[in-house]
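Peer 1: I would like the atomic coordinates for the input below:
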Amino acid sequence: METIDKKWYTVKVQNNRENSVSEKLKTEMIRDFNEDVNVLIPTRTISTVKSGKIKQKEQIMYPGYIFVETASVDKVLHFVKVINGMSGVLKDPQGNPVIMRKSEIEKMTGVMEEVNRNSKDLYMIGEEVSVTNGPFSGFKGKIQSLDFEKDKIKLEVFIFGRSTILDVTLNDISK
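Peer 2: Reported below is the predicted structural model:
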């Protein structure tokens, strides 16, 4: 049994049609070509405070784009004219479809290369760090506890003049 080499491509779609186009593309690829494609629509959770309550909603990180992993981009190009809301595959100046690097996909999915997390001098209790990801991005706080096994850090930040403890991961902070 041979393995098929699949590559990731960027597909341009109409804004707010990312989910419907991706579902239609998956269905059509299986029906017409018997190929199961992976489709990635990176999202992030946005937290807002309204009337004293925290509301969370999903926000698409790259509106107007979906990312498709397929063995044959020609088959995906076939559906540009067939599927409403799909406008094309991102191409280079020579007109060839651009193949995405694995590191770009890993960055979008939050899978980062393994950092030496077992290093005890990476972060220290009492050290001030900045939150880089999530709803508290931009806040600074002091490390209260470290758990390298579970990749968890308890961080004390001041929000609205009050001390609050946040649970974050090592990917969510920087020195």
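
Peer 1: from Ser87, how far off is the closest residue to Glu35 other than its chain neighbours?
Peer 2: Take Glu35 and drop its neighbours on the chain: the residue closest to it by Cβ to Cβ, 6 or more residues apart in numbering is Met29, 5.0 Å away. (Each C-beta comes from the backbone N, C-alpha and C, glycine too.) From Met29 across to Ser87, the span is 17 Å (Cβ to Cβ, to the nearest Å).

Peer 1: mind giving me the packing neighbours of the helix or strand where Val49 lies?
Peer 2: Assigned by DSSP states H and E, Val49 belongs to strand 43-50. Counting contacts by 3 or more Cβ pairs under 8 Å, 6 or more residues apart in numbering; DSSP states H and E, strand 43-50 packs against strand 53-60.

Peer 1: what about dumping the CA coordinates of the strand it packs on to CSV?
Peer 2: Taking Å, rounded to 0.1, in the frame of the first residue of the first chain, the C-alpha atoms of strand 53-60 are listed here in CSV:
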residue,chain,number,x,y,z
LYS,A,53,-20.6,39.6,31.7
ILE,A,54,-17.8,37.9,29.7
LYS,A,55,-19.1,36.8,26.3
GLN,A,56,-17.0,34.5,24.1
LYS,A,57,-17.3,33.9,20.4
GLU,A,58,-15.3,32.2,17.7
GLN,A,59,-13.6,34.5,15.1
ILE,A,60,-12.0,33.3,11.9
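
Peer 1: in its sheet, what does it sit against?
Peer 2: Sheet pairing of strand 53-60 (DSSP bridges) gives strand 43-50 (antiparallel).

Peer 1: tell me the mean pLDDT over the partner strand?
Peer 2: Averaging pLDDT along strand 43-50 yields 74.

Peer 1: what do you get for stretch 128-144?
Peer 2: Average pLDDT, stretch 128-144: 84.

Peer 1: list the buried residues of that stretch.
Peer 2: 129-131, 134, 136, 139, 141, 143 (16 or more other Cβ atoms under 10 Å).
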